[in-house]
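K.L.:
Provided below for reference: sequence and predicted model.
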Amino acid sequence: MTESLAITKFSDLANPTRFLALAARILPWMAALTALLFALGLYLSFTTEGDYQQGQTVRIMYVHVPAAWLSMMCYTVMAVSAIGTLVWRHPLADVSHRSAAPLGAAFTLIALATGSLWGKPMWGTWWVWDARLTSVFVLFLMYLGLIALNRAMDDPSRAARVSAVLILVGFVNIPIIKFSVDWWNTLHQPASVIRMDGPTIDPEFLWPLLVMAVAFTLLFFTLHVMAMRNEIWRRRVSAQRRMSARLAGREA
């Protein structure tokens, strides 16, 4: 009974009108909670002491690490949406991965830029072509390629299928990014938060980082819902224009 109810609710959200109504209800709450968490996270980030080795540059971590996490999580959301497009033909699945691509590109760019700023005083260089940095840069190029593909193809249904296939093929890069520091000898430090033996980072730095990570995650989902809402409206306007053009052609 519970499973059938969940399936029914999931099917209801396939209706763009119902999704728009839900978005209108939850977006103000999501935006308010995001702002609150960012205020708390930034307060904690600026009130903690600097690291004894990295000094004040350690504060870059509170933006760089969440942005890096979001760059991979966003692509994972796109991969799940791509499965929804190819397997279940969910009407909003294409809207989801199309709307998420620019957000993923933005978070990946932030991760690359802040990583470069952090790397200069730590490594003595702005950039190195090691496995982690190179695979993240490839992820950024993948986002840009998907955005260009979606805008270049006139047929929305064909663009959705082609994009979904490319997204799933490109997902192989996500585990490469995650485990590159374990598989190869890189300058980038290994995981210090999500580990089998627990975090190795000091709690003074861990708590602000976790708050900022949750704030960034909520920011992504807030922007994602807004982008999906705008994409639905854009498609409706385009459909109305095509219909008006056909009617005008018949009258002529």
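P.N.:
Yep, it's here. Note that this is a predicted model, so its numbers are computed, not measured.
K.L.:
what's the single longest helix in the chain?
P.N.:
helix 203-251 (DSSP state H).
K.L.:
any idea of the mean pLDDT for that one?
P.N.:
In this model, helix 203-251 has a mean pLDDT of 86.
K.L.:
can you classify the nearest residue to T222 once chain neighbours are set aside by secondary structure?
P.N.:
Leaving aside its chain neighbours, T222 sits nearest to M30 (4.4 Å; criterion: Cβ to Cβ, 6 or more residues apart in numbering). For glycine as for every other residue, the C-beta is placed from the backbone atoms N, C-alpha and C. Following DSSP: H, G, I helix; E, B strand; the rest coil, M30 is assigned to helix.
K.L.:
I figured M30 was touching L223, is that so?
P.N.:
No - with contact defined as Cβ atoms under 8 Å, M30 does not count as touching L223 (9.5 Å).
K.L.:
in which helix or strand would I find the most centrally placed residue in the chain?
P.N.:
Residue closest to the mean C-alpha point of the chain, counted by Cα atoms, centre = their mean, is C74 at 2.6 Å. Assigned by DSSP states H and E, C74 falls within helix 61-83.
K.L.:
what's the angle from that helix to helix 203-251?
P.N.:
Helix 61-83 and helix 203-251 are oriented at 40 degrees to each other (axes from the mean of the first three to the mean of the last three Cα atoms, to 10 degrees).
K.L.:
rewinding a little: now for the longest helix of the chain, which elements pack on it?
P.N.:
Helix 203-251 sits against helix 16-47, helix 61-83, helix 93-123, with contacts defined as 3 or more Cβ pairs under 8 Å, 6 or more residues apart in numbering; DSSP states H and E.
K.L.:
if we can go back for a sec, OK, contacts around the residue nearest to T222?
P.N.:
Each residue near M30 by Cβ atoms under 8 Å, 6 or more residues apart in numbering is listed here: L218, F221, T222, V225.
K.L.:
want to throw those residues into CSV with distance to I167?
P.N.:
Output for these, formatted as CSV (distance: Cβ to Cβ, whole Å):
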residue, distance to I167
L218, 23
F221, 19
T222, 22
V225, 20
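K.L.:
farthest-separated two in those residues?
P.N.:
Distance extremes for the contacts of M30: the farthest pair is L218 and V225 at 10.7 Å, using Cβ to Cβ.
K.L.:
show me the shaky parts of the protein.
P.N.:
1-14, 50-55, 184-185, 187-200, 202, 251-252 (pLDDT under 70).
K.L.:
again, only using 80
P.N.:
Within the chain, the ranges that satisfy pLDDT under 80 run 1-14, 49-58, 122-123, 154-156, 181-205, 238-239, 241-252.
K.L.:
so who does the residue nearest to M72 when sequence neighbours are not counted touch?
P.N.:
Distances taken as Cβ to Cβ, 6+ apart put I174 closest to M72, at 5.4 Å, once the chain neighbours are dropped. Counting by Cβ under 8 Å, 6+ apart, I174 touches M72, Y75, T76, A79, L139.
K.L.:
count the neighbours of the fourth one for me.
P.N.:
Okay, so that is A79. Per other Cβ atoms under 10 Å, the neighbour tally for A79 reads 18.
K.L.:
how about the first one?
P.N.:
Using other Cβ under 10 Å, M72 is surrounded by 20 other residues.
K.L.:
backbone phi and psi for F171, please?
P.N.:
F171 adopts backbone torsions of phi -60, psi -20, taken as degrees, to the nearest 10.
K.L.:
try M153
P.N.:
Dihedral angles (degrees, to the nearest 10) for M153: phi -90, psi 130.
K.L.:
that one contacts L166, correct?
P.N.:
No - with contact taken as Cβ under 8 Å, M153 and L166 are classed as non-touching, separated by 11.8 Å.
K.L.:
appreciated, that's everything.
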